[in-house]
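Chemist: pasting a predicted model and its sequence here:
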Amino acid sequence: MKRGKRILKVVWENVWVGSGMVFLLCIAQFFRLSQWSLESVKEIAGSMFAGGLVIVSAATLMLMVYSRYSVYEPLKIFMGYTRKKSFEDMQFAKLLSALFIALISAAAVTFGRWPSVKTEDLTMVFWGFVLMMLVQGAMELLTILYLKTRKQWIVLAAIVVACAGIGGFVGYNVMAIIDAEDIIEIQMSFLFLQENPLLWLLVFIVVYHLMEYFSWKLLKNLEIRI
Amino acid sequence: MSEKILQCRGIVKEYRKQEVLHNIDLTLEQGKIYGLIGRNGAGKTTLLSILSAQNPATSGDVLLNGEKVWENSRALEEIFFSREISPNAVGDSSGLRVKDYLEMAEAYLPKWDKNMAEELVELFHLDKKKKTLKLSKGMLSMLSIVLALASKAEFTFMDEPVSGLDVVAREQFYRLLLEEFTESGRTFVISTHIIEEAADLFEEVIFLHEGRILLKENTQELLEHSIYVSGRAEEVDEAVKGKEIHHQEILGRSKSVMVRLKEGETLNQTQGITLQPMNLQKVFVSLCAGEEE
Amino acid sequence: MQELLNQEKSIYLQIKEMIERDILRDILLEEERVPSTNELAKLYAINPATAAKGVNLLVDEGILYKKRGIGMFVAAGAKEAIRKKRREHFFEDYVKAMLAEAANLGISKEELIEMIAWNQGGKENE
């Protein structure tokens, strides 16, 4: 399998795990609501699916990054792969995963709000993409730090947070379905983002690149033990 | 066929301000089986991991045919260090199964011989579906051996490959190693504690003691030039005067000592002393004891 | 062949001597093929370079010769050559040590000759 195919395989796994989970939840919600109309489907797709996908994926992507860097990338390096190529592979995987998920979310939003799609909705998807990149970057840095220092708590903490994130969303939705509450509108109303979007974007870009810088700095001279 | 040489120059390795390897210079030639012999903590694993770019040296270089090995794909294709697989390592690698290792090997080791791997897995009765954390020490050793042999890497390193194997499995391994060596002429560096068993396999031996290379020599020549002299102290002293000696032991009026002769040197003529050949293990122990004196 | 290796002597010398012994015992006949160094290495679980060293000594002495692409063969007249060589070394290899030990124990030359003639023990048997 060539390098590109291998990366896409990782991306594919990243994408369908999150999507699958959220999709099932939405199906459940749909049946629970029993409003067999296109409107209902659109409603669910537009907010619950689109928003939920991003939140859940943020968490699952974090777990994926941890798993890649703690198990597979060291094994690749052990077998003669360079750290540089491994890092590059991961950059592609992170970017493409976040991108595809964002695109699916955007598609869902578009479908959900059709024909009156607002820019705000798509902007939310964009911030979702940013969120996914940031959490992946953070997990990358933490995991590489863990490989270097072998201090368990670092990653344990991050995993707990990731699981809390997924668990919280899933749990809340399941509870909602059981309690017959209304559709969860994932507003992601981070108003502060609205106020100064460009500034925030700049901040996020800087933060992301700092994380990448340190991740690589640690990785390039890392001792690998499998 | 051009001769490939794997070389390291001035390798120093520090862990938390402690020097573990001191200025190591080593040249490994293609087509030999080397024995890397040293006590626990001598630095064998560290040295092998540095030679295979798994571990960065604090200073010094590792070169393959003059090219630096570190992060060099082309060079790394020729080197493989099949270290002990520990299920307690970082992350969840304990969850990996035998077949996962084999699949990764197929994907990332460029010269991987799948057929050989399958044969060996069967020979060793390794259950491909089993997770590494469920494998016994012996089975883990066998997995490392499969990876090492089937990698077909020009320079293959093994770290204590027979630890955990019973005596019959060990003999099996030595024969497999020899068979692969005679067929392919690959270079093997095997680090081991169980010196005597493997001594006959090594064309050259490298003694590593407390992070320094004590010697690197052709095994047969080393043994031919190492003599165990014993007898009355005065006579022994006379016989070994001017020669390199190690590890003197005195008991009453008798004395014994290991002598290392140089090419063409012989012992001084004396009566009444016993000369005995030494095996590799004895030579190693004597030299180590000598270092510590 | 098929003997065990011991620690008394260099491995390659033992290989050499084993082949010589087999030639003397007609286990290996002249103009017959001798196992290759790789076969010897595998048989005795030793490094092929070591086996080769022993074999090469025999080639140097003219006991074996190489046929390109086929292998090693016992030279014509090898048996006689080995016998001759061993006779020449007999004194060095066996007699000298015996004389030294006899001197250590105070056994006289006459006693030694008697022992050889009668092919049995010493004074105890009188």
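Modeler: Thanks, I have it. Residues are numbered from 1 along each chain as shown, chains lettered A, B, ... in the order given.
Chemist: next up, the contacts around the residue of the stretch 101-250 of chain B found nearest chain A.
Modeler: Proximity of the stretch 101-250 of chain B to chain A (C-beta to the nearest C-beta) peaks at B:Y108, 4.0 Å away. Quick note: C-beta positions are derived from backbone N, CA and C, even for glycine. For B:Y108, the contacting residues are A:75-76, A:79-81, taking C-beta atoms under 8 Å, 6 or more residues apart in numbering or on different chains as the criterion.
Chemist: pull the most distant pair out of those.
Modeler: A:L75 and A:G80 (10.8 Å; C-beta to C-beta).
Chemist: these two: which is more packed in?
Modeler: Neighbour comparison, A:L75 and A:G80: the larger count goes to A:G80, with 25 against 20 (by other C-beta atoms under 10 Å in any protein chain shown).
Chemist: so where does the residue nearest the centre of chain C fall, helix or strand?
Modeler: Centrality entry for chain C: nearest residue to the mean C-alpha point is C:E17, 3.6 Å, by C-alpha atoms, centre = their mean. Secondary-structure assignment from DSSP states H and E places C:E17 in helix C:11-24.
Chemist: so which elements touch whichever helix or strand comes after that helix?
Modeler: Taking DSSP H and E as the definition, the helix or strand that follows helix C:11-24 towards the C-terminus is strand C:33-34. Strand C:33-34 sits against strand C:71-74, with contacts defined as 3 or more C-beta pairs under 8 Å, 6 or more residues apart in numbering or on different chains; DSSP states H and E.
Chemist: can the strand it packs on be found next to chain B?
Modeler: No - interface with chain B: strand C:71-74 contributes nothing (C-beta under 8 Å from any C-beta of the partner chain), its closest point being 14.1 Å away.
Chemist: mean confidence (pLDDT) on the next helix or strand after that strand, please.
Modeler: Per DSSP H and E, strand C:71-74 leads on to helix C:78-90 as the next helix or strand towards the C-terminus. Here helix C:78-90 scores 89 as its mean pLDDT.
Chemist: contact partners of helix C:78-90?
Modeler: With C-beta under 8 Å, 6+ apart as the contact definition, helix C:78-90 has outside contacts at C:20, C:23-24, C:26, C:30, C:61-64, C:75, C:93.
Chemist: was I right about A:V54 contacting A:V130?
Modeler: No - counting by C-beta atoms under 8 Å, A:V54 stays clear of A:V130, with 10.1 Å between them.
Chemist: these two - which one has more neighbours?
Modeler: Taking neighbours as other C-beta under 10 Å, A:V54 and A:V130 compare with A:V54 leading, 25 against 18.
Chemist: who's in contact with the more buried one?
Modeler: A:V54 sits next to A:101-102, A:105, A:125, A:128-129, A:131-132, A:186, A:188 when contact means C-beta under 8 Å, 6+ apart.
Chemist: cutoff 6 Å now
Modeler: For A:V54, the residues meeting the contact criterion (C-beta atoms under 6 Å, 6 or more residues apart in numbering or on different chains) are A:105, A:128.
Chemist: secondary structure element for it?
Modeler: Assigned by DSSP H and E, A:V54 belongs to helix A:50-67.
Chemist: so what's the gap between the helix holding C:E17 and the chain middle?
Modeler: Between the centre of helix C:11-24 and the centre of its chain there are 5 Å (C-alpha atoms, centre = their mean, to the nearest Å).
Chemist: buried set for that helix?
Modeler: Within helix C:11-24, the residues that qualify as buried are C:11-12, C:14-20, C:22-23, counting by 16 or more other C-beta atoms under 10 Å in any protein chain shown.
Chemist: output the contacting helices and strands for that helix.
Modeler: When contacts are defined as 3 or more C-beta pairs under 6 Å, 6 or more residues apart in numbering or on different chains; DSSP states H and E, helix C:11-24 sits against helix C:48-60, helix C:78-90.
Chemist: tell me the most buried of these?
Modeler: The densest packing among the helices and strands packed on helix C:11-24, expressed as mean neighbour count by mean count of other C-beta atoms under 10 Å in any protein chain shown, is seen in helix C:48-60 with a mean of 20.
Chemist: re earlier: rounded mean pLDDT for the helix holding C:E17, please.
Modeler: On average, the pLDDT along helix C:11-24 is 91.
Chemist: what angle do it and helix C:48-60 make?
Modeler: Taking axes from the mean of the first three to the mean of the last three C-alpha atoms, to 10 degrees, helix C:11-24 and helix C:48-60 form an angle of 50 degrees between their directions.
Chemist: find the nearest non-adjacent residue to the residue of the stretch 101-250 of chain B closest to chain A, please.
Modeler: Leaving aside its chain neighbours, B:Y108 sits nearest to A:M79 (4.0 Å; criterion: C-beta to C-beta, 6 or more residues apart in numbering or on different chains).
Chemist: what pLDDT does the one you found get?
Modeler: In this prediction, A:M79 carries a pLDDT score of 94.
Chemist: contact partners for C:G77?
Modeler: Contact criterion C-beta under 6 Å, 6+ apart gives no residues in contact with C:G77.
Chemist: how much space separates it from C:H89?
Modeler: From C:G77 over to C:H89 the distance is 18 Å, taken as C-beta to C-beta, to the nearest Å.
Chemist: check the separation of the first and last residues in stretch B:263-271.
Modeler: End-to-end distance of stretch B:263-271: 23 Å, with C-alpha to C-alpha, to the nearest Å as the criterion.
Chemist: ok, residues contacting that stretch?
Modeler: B:235, B:238-239, B:241.
Chemist: now do stretch B:206-222
Modeler: Around stretch B:206-222, the neighbours that count as contacts under C-beta under 6 Å, 6+ apart are B:20-22, B:36-38, B:42-44, B:202, B:204-205, B:287-288, B:291, C:10, C:12, C:50.
Chemist: give me the three-state assignment for the residue of chain A found nearest chain B.
Modeler: Across chain A, the shortest distance to chain B (C-beta to the nearest C-beta) belongs to A:S70, at 2.8 Å. At A:S70, secondary structure determined by DSSP: H, G, I helix; E, B strand; the rest coil is helix.
Chemist: the stretch 51-200 of chain B: helices as residue ranges?
Modeler: Ranges of helices within the stretch 51-200 of chain B are B:73-76, B:98-108, B:114-123, B:137-151, B:167-184, B:195-199, based on DSSP state H, counting those that start in this stretch.
Chemist: got the residues of chain C near chain B?
Modeler: For chain C, the contact set with chain B under C-beta under 6 Å from any C-beta of the partner chain comprises C:7, C:10, C:12, C:38, C:41-42, C:45-50.
Chemist: so which of these comes closest to B:E14?
Modeler: Of all the residues of chain C next to chain B, the one with the least separation from B:E14 (C-beta to C-beta) is C:N47, at 35.1 Å.
Chemist: who's in contact with the closest one?
Modeler: With contacts defined as C-beta under 6 Å, 6+ apart, the neighbours of C:N47 are B:33, B:201, B:203.
Chemist: ok, the closest residue to it other than its chain neighbours - contacts?
Modeler: With C-beta to C-beta, 6+ apart as the criterion, C:N47 has its nearest non-adjacent residue at 4.7 Å, and that residue is B:E203. By C-beta under 6 Å, 6+ apart, B:E203 lies in contact with B:32-33, C:47, C:49.
Chemist: quick one, helices of chain A?
Modeler: Across chain A, reading from the start of the chain, the helices by DSSP state H fall at A:3-33, A:38-43, A:50-67, A:73-78, A:83-113, A:119-149, A:152-179, A:191-195, A:197-220.
Chemist: run through the neighbouring helices and strands of the last one.
Modeler: Applying 3+ C-beta pairs under 6 Å, 6+ apart, we find helix A:197-220 packed against helix A:83-113, helix A:119-149.
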